[in-house]
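# need the 3D shape of this:
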Amino acid sequence: VGKPITFNASGSYDVDGKVVSFKWSFGDGSSAVGKVVEHVYNAPGNYSVTLAVLDNMGAESVDITTAIVKYRTRLTINPPSFEVTSGRSVTLKAVLSPTSAPSDLISWSLEGPGSLLPVNETTVIYTAPEVSKETSVTITATFPETAEYEACTATCTGTVRPPLLTREQIESLPLLPLFALVIVGFIRKNELIRYVTLLGSLAYIGFIKARLICIVDVLNLLSLNSSHFTGSPFLLLLMAFTVAVAVLWGRVYCGWICPFGAVQEFLERVWPLKVRVPPKLHWIAVKVKYAILLTIVVLFFSLNDLTVAAYVEPFSTLFLLKGSTIMWVILCSILIVSLFVHRFYCRYVCPVGAFLSLLSYLRIFRVKRWSECSSCRICERTCKVQAIKGEKVSVRECISCGTCEKNYLNKDLCPHYRTGEVGRDGP
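You can find the predicted model right below:
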C-alpha cells in the first residue's frame, strides 16, 4: 500500500502488424495508457488488472492479472544486540509498524543456549544459562503474512559471558574462612575453635554440600586424574588444603574438618560413656583400615572395581539421608559403636584416613616431645585416639587434635618443665 507498482506490457506483440495502443484498468476505478505505467494503491486487497492492446488493424487483445496489495510491515527488536552474564536476564521488546498490524501474531525463536519467557505479545525475557566460555545467541521475532500485511522478521544477537566466579566457585568461598579458622585454631591449640570448625564443616561440607573427601577422590589423586578435581573447584580446594596440611601437620582434616568425624565427636557430647580399647587390640585393629585401603586400591587399578568402596563409606547415606537398606545398617552400626569407642570409624575403618595416615609420614612439623614422656604418660592417657605409646607419637594414628601439644605447652600440667630440659620433635 502506498508504494508505486510498475506494470510493463513490453512483452505484447502482433504477428502481422504492430501494437499501437496499451490501455490499463487497475481494478480500483483507475486506468492508464502506455506500454509501461506505474500505479499506487491506497488500500490493501486483491485487484484485477486488465491490459487491452490494439493493433494497427483495429484488432484488440485483453490480458488479466491480479495485483495483491498489502501493507508493508517492519519489525525491530530493542535492544538490537546485548551482552549478559551467565544466570542473568535481559528484556527484549519487538516494535511492529504500522501500529495497526496485529502484534499478537508475533512469534519468537532462540538459536543458542538459554531460555525465552514471554511477557506479552511483543516482549520476552531471555535468561542466560551457565557457560564456561563466551557464547553467542540469536533471537528472532517473526510476523507472519496476513491478508492485509506482509511478513517480516527481525533478529537480535547476544553474547553470554561467563561470570567472574561460577556458582561452584562461589559455593567454595566459605571454605576459605573455615580453613583460616582451622589454621588459627591448630596453631593456638584451641579446643573451642576445633569444635567450631567441626560444627561448621558438619553443616556446610556435610549437610549442605554433602561433598566429603572420599576414597574415589583418593584413587583419582593416585591415578593423577586432574580432570576429576579441576571440574569441581570445591573439591579441588578441599583436597588441596587437606594434602597441604597433611604434609605440614599430619591428619588435620581428620581432626578439624571431616564432617563424619565431627558426627562421632558430637555423639560423645551426647553419650560420654566411652570404652578405652586395650592397647594390644587397638594396635592390631588400626591395621584394618590399611587393609581396606589396599584392597580398594588393588581392585581399582587391576579391575576398575569399586565394590568394596561402596560399602565402607556411609557418608552419602547420612548427609543425603538416602541409601540402600544395607548402607543404613552399616551407618547405624558404626554410629552405635562410636557411642562407646571414640571415633571408631576414623581409627579402624576409614580408607581416606588410612591414606592420610600414610601421607603423614611426610609431616614436616611433628609433635614436640620430652625424652621422659614415657614416665609421665599424661598425654598418653588423655589421647582419645590412643596414638601415643610412651614418648612416641604415631604420625599415622595421630589426628592432630592438639590435645597432647596443649598439655606440652601447659607449664602447670607438664611436669617436665621442672627439669628445664628443652623439648624435641617427636618420632
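# just checking, residue 72 touches residue 150?
Yes - Residue 72 sits in contact with residue 150 when judged by Cβ atoms under 8 Å, with a separation of 5.6 Å. Where you see a C-beta, it was placed from the backbone N, CA and C, and this is true even at glycine.
# between these two, which is the more surrounded one?
For the pair residue 72 and residue 150, the greater number of neighbours falls to residue 150 (16 against 12), based on other Cβ atoms under 10 Å.
# quick one, what contacts that one?
Residues near residue 150 by Cβ atoms under 8 Å, 6 or more residues apart in numbering: 70-73.
# partner residues bridging residue 19?
The partner list for residue 19 in beta bridges (DSSP bridges) reads residue 55.
# I'd guessed it sits against residue 34; true?
No - under the criterion of Cβ under 8 Å, residue 19 is not in contact with residue 34, lying 11.8 Å apart.
# between the two, which one's more packed in?
residue 19 (16 against 13).
# where does the more buried one land on pLDDT?
Here the pLDDT value assigned to residue 19 is 93.
# separation between it and residue 39?
Counting by Cβ to Cβ, to the nearest Å, the gap between residue 19 and residue 39 amounts to 20 Å.
# what helices or strands is the helix or strand harbouring residue 76 leaning on?
Assigned by DSSP states H and E, residue 76 belongs to strand 74-78. Taking 3 or more Cβ pairs under 8 Å, 6 or more residues apart in numbering; DSSP states H and E as contact, the helices and strands that strand 74-78 lies on are strand 89-97, strand 135-143, strand 152-161.
# dump the second one to CSV, restricted to CA.
Spelled out, it's strand 135-143. In CSV, the C-alpha atoms belonging to strand 135-143 read as follows (Å, rounded to 0.1, in the frame of the first residue of the first chain):
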residue,chain,number,x,y,z
THR,A,135,28.8,-17.9,23.8
SER,A,136,26.7,-16.3,21.1
VAL,A,137,22.9,-16.5,20.7
THR,A,138,20.5,-15.2,18.1
ILE,A,139,16.9,-14.3,18.9
THR,A,140,14.4,-13.9,16.0
ALA,A,141,11.0,-12.2,16.1
THR,A,142,8.7,-13.2,13.2
PHE,A,143,5.5,-11.6,11.9
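# got the angle between that strand and strand 89-97?
Between strand 135-143 and strand 89-97, the angle formed by their directions is 30 degrees, by axes from the mean of the first three to the mean of the last three Cα atoms, to 10 degrees.
# what's the angle between strand 135-143 and strand 152-161?
Using the same axes, to 10 degrees, the direction of strand 135-143 lies 160 degrees away from that of strand 152-161.
# and the angle from strand 135-143 to strand 74-78?
For strand 135-143 and strand 74-78, the angle between their directions (the same axes, to 10 degrees) works out to 140 degrees.
# show me what strand 135-143 is packed up against.
By contact count (3+ Cβ pairs under 8 Å, 6+ apart), the secondary structure elements abutting strand 135-143 are strand 74-78, strand 89-97, strand 107-111, strand 123-127, strand 152-161.
# before we move on, what about the last one?
Contact here means 3+ Cβ pairs under 8 Å, 6+ apart; on that basis strand 152-161 packs against strand 74-78, strand 81-85, strand 89-97, strand 135-143.
# got the contact list for the closest residue to residue 141 other than its chain neighbours?
Closest residue to residue 141 in three dimensions, ignoring its sequence neighbours and counting by Cβ to Cβ, 6 or more residues apart in numbering: residue 94, at 4.4 Å. Contacts were defined as Cβ under 8 Å, 6+ apart; by that measure residue 94 touches 75-78, 103, 106, 108, 122-123, 141, 154.
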